[in-house]
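Undergrad: Could you look at this predicted model? Sequence included:
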Amino acid sequence: MKFIWVFNGAKIKQYFVILMAAIFAVGIAYVEQNNIAVFSQVHKAPAAIYKVETDQKKLALTFDISWGEQRAIPILDVLEQKGVKKATFFLSAEWSKEHPDIVKRIQKQGYEIGSHGYKHINYSRLTDEEIRTQIRKAEVVLQELTGKKPALIRTPNGDIDKRVLRIADELKYTVIQWDTDSKDWLNPGVEQIVDNVVSHAHPGDIILLHASDSSKQTHLALPTIIDQLKKKGYEFTSVSELITDAKVKAKEID
């Protein structure tokens, strides 16, 4: 049996137009998809890091200092006595100017130094230019004292919004928050501070502690915190080392 195919010119033209339209539509969709992907990648909003996802039992002890001179030294003594070679200190630059000897000791013991801004004020209440001024003034002071520009910043009181994140990012800073809060600043008692840390600590954790004089019990709780975390198999590291080659868990701010 033979089949005879009859081609109608008008039909061929119609099919051709439909085919070309379909190809064009697919092409547009492909280009738009790529453009959307690129756009979202390039313009992804800066976010604050509060922990990293890792299977390794590593975490970072972090200490904020903005006031006083009586608590920092005992905390440094405990860290040295307990053999904790890595931790991160976020220093207020206004405080650092008044206590360069303590800054030098922090650096001498090998601990990472991040910025805690200049004055201890909430950045979200400031104008854009005032935020830049606080960060830049702190940078100048800390660089003069340590010989190195800080790469990390924890804003005073952890106060951030989208503007603060954007400006910090423009100034080449990584904003660091925390996932476990010791609440030592409340002075709730040594045992409570220990429990606040040890019961919540986890791999990739960033733990908030303070070395300002207002936190009167931190140096007393710290030895037990270190001992119990070591007993659980944790290794102490700096924030920078913690986030290197790890999957960062960040929070975007609404």
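TA: Nice, thanks for sending it over.
Undergrad: rest of the way, CA atoms for contacts and neighbours
TA: Fine.
Undergrad: how many other residues sit next to Glu235?
TA: Applying other Cα atoms under 10 Å, we find 16 residues neighbouring Glu235.
Undergrad: Over to Lys148?
TA: Lys148 has 12 neighbouring residues, counting by other Cα under 10 Å.
Undergrad: Can you classify it by secondary structure?
TA: Here Lys148 is recorded as coil under DSSP: H, G, I helix; E, B strand; the rest coil.
Undergrad: From Ser214, how far off is the closest residue in space to it that isn't next to it in sequence?
TA: Leaving aside its sequence neighbours, Lys148 sits nearest to Leu142 (Cα to Cα, 6 or more residues apart in numbering; 7.4 Å). With distances taken as Cα to Cα, to the nearest Å, Leu142 is found 22 Å from Ser214.
Undergrad: Would you map the helices across the protein?
TA: With helices called from DSSP state H, the chain shows them at 9-42, 72-81, 93-98, 100-108, 128-146, 162-170, 190-198, 218-231, 239-243.
Undergrad: Ok, which of these comes nearest His210?
TA: helix 218-231 (7.0 Å; Cα to Cα).
Undergrad: distance between the closest one and the chain's centre?
TA: Between the centre of helix 218-231 and the centre of its host chain there is 23 Å, according to Cα atoms, centre = their mean, to the nearest Å.
Undergrad: Okay, buried residues for it please.
TA: Across helix 218-231, burial judged by 16 or more other Cα atoms under 10 Å covers Thr218, His219, Leu220, Ala221, Leu222, Pro223, Thr224, Ile225, Ile226, Gln228, Leu229.
Undergrad: ok, now stretch 89-103?
TA: Using 16+ other Cα under 10 Å as the test for burial, stretch 89-103 gives Phe89, Phe90, Leu91, Ser92, Ala93, Glu94, Trp95, Ser96, Lys97, Val103.
Undergrad: got it, and stretch 55-69?
TA: Buried residues in stretch 55-69 (16+ other Cα under 10 Å): Lys57, Lys58, Leu59, Ala60, Leu61, Thr62, Phe63, Asp64, Ile65, Ser66, Trp67, Glu69.
Undergrad: So between Leu142 and Ser214, which is more surrounded?
TA: Shown here are Leu142 and Ser214; by other Cα under 10 Å, Leu142 has more neighbours (27 against 18).
Undergrad: Wait, the more buried one touches Trp95, no?
TA: No - applying Cα atoms under 8 Å, one finds Leu142 not in contact with Trp95, separated by 10.4 Å.
Undergrad: any shared contact partners between these two?
TA: The contact sets of Leu142 and Trp95 do not overlap (Cα atoms under 8 Å, 6 or more residues apart in numbering).
Undergrad: quick revisit: redo the helices of the chain as JSON lines? Include distance to Ile206.
TA: JSON lines is the format used below for the helices of the chain (distance: least, Cα to Cα, whole Å):
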{"stretch": "helix 9-42", "distance to Ile206": "26"}
{"stretch": "helix 72-81", "distance to Ile206": "17"}
{"stretch": "helix 93-98", "distance to Ile206": "22"}
{"stretch": "helix 100-108", "distance to Ile206": "19"}
{"stretch": "helix 128-146", "distance to Ile206": "22"}
{"stretch": "helix 162-170", "distance to Ile206": "19"}
{"stretch": "helix 190-198", "distance to Ile206": "10"}
{"stretch": "helix 218-231", "distance to Ile206": "13"}
{"stretch": "helix 239-243", "distance to Ile206": "7"}
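Undergrad: Can you say which of those is nearest to Leu208?
TA: Closest to Leu208 of these, according to Cα to Cα: helix 190-198, at 8.7 Å.
Undergrad: which secondary structure elements does the closest one contact?
TA: strand 180-181, helix 218-231 (3 or more Cα pairs under 8 Å, 6 or more residues apart in numbering; DSSP states H and E).
Undergrad: So the nearest residue to Ile106 once chain neighbours are set aside versus Gly68, what's the distance?
TA: Leaving aside its sequence neighbours, Ile106 sits nearest to Leu76 (Cα to Cα, 6+ apart; 7.3 Å). Distance, Leu76 to Gly68, using Cα to Cα: 14 Å.
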